[in-house]
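Undergrad: Here is my input; please provide its structure:
(one chain, ligands or ions: 1)
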Amino acid sequence: MKKDNQKINLVRDMLIMIGDNPERNGLKDTPQRVVKMWSEVFRGYNKKNKPVVTTFENNSDGIMYDQMIVDSGYFFSYCEHHMVPFFGKYYFAYIPDKKIIGLSKVARMVDYFSARLQIQERLVKDVVDELEKILQPKGIALVIQARHLCKEMRGVIKYNGEMTTSDLRGAFRKNESIRMEFMNYIRN
Ligand code: ZN
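TA: So this is what the prediction gives:
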């Protein structure tokens, strides 16, 4: 682990590298701020931040959930090829078997795996792997739609459009009507 001063000097060097002057007024505290911010936005490298997911027994309240449970939310991550953000929306669904989770845990899991250098394909897989292991559901699915600043900011011709990645398993892969139900939810 590098000392804070060393980290700050690295960011100063980066400022020089891009052609600016770290001594000018506006940039004086920037290296320090960047170091602090990186420790926040890259919190996903610290295993201590991994959410602890408790599950509930399905049918423990006399109701057997065997329908699709769907959730969606937003996320921010960093492209590992260019170290700039990609961000967007995720759509999660599962069909429970014996276990149920609170949906806030899904948001936390997405957040944890987003808060590091990522590619969109792996982000989807990381989250689904983890939740599948915990839930052992009949089916599980995650679709992510994201804007990538590394594509949008470069060059004169601005690229617009979202990239979509998905990971569909179990019933979502085998059963077309279940898959369609989920996809319709995403479109609306
Ligand atoms: Zn990129």
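Undergrad: Make sure Val70 is indeed in a helix.
TA: No - judged by DSSP: H, G, I helix; E, B strand; the rest coil, Val70 forms no part of a helix; its state is strand.
Undergrad: so who does it touch?
TA: The neighbours of Val70, taking C-beta atoms under 8 Å, 6 or more residues apart in numbering as the test, are 91-93, 182, 185. Placement of C-beta: from N, CA and C, glycine included.
Undergrad: Buried ones among the residues you listed?
TA: Taking 16 or more other C-beta atoms under 10 Å as the criterion, what is buried in the contacts of Val70 is 91-93, 182.
Undergrad: Relative to the ion, which of those residues is nearest.
TA: Tyr91 (22.3 Å; C-beta to the ion).
Undergrad: just so I have it, where are all the helices in the protein?
TA: 4-17, 30-41, 103-114, 120-135, 149-152, 171-174, 176-187 (DSSP state H).
Undergrad: Which other helices and strands does the fifth one contact?
TA: Put plainly, it is helix 149-152. Other elements packing on helix 149-152 under the criterion 3 or more C-beta pairs under 8 Å, 6 or more residues apart in numbering; DSSP states H and E are strand 85-95.
Undergrad: how about 10 Å then?
TA: strand 69-79, strand 85-95 (3 or more C-beta pairs under 10 Å, 6 or more residues apart in numbering; DSSP states H and E).
Undergrad: what sits against the closest residue to Gly44 other than its chain neighbours?
TA: Spatial nearest neighbour of Gly44, excluding adjacent residues (C-beta to C-beta, 6 or more residues apart in numbering): Ala115 at 3.3 Å. By C-beta atoms under 10 Å, 6 or more residues apart in numbering, the contact list for Ala115 reads 40-46, 49, 75-78.
Undergrad: Looking at these, which two lie furthest apart in space?
TA: Asn46 and Phe75 (17.8 Å; C-beta to C-beta).
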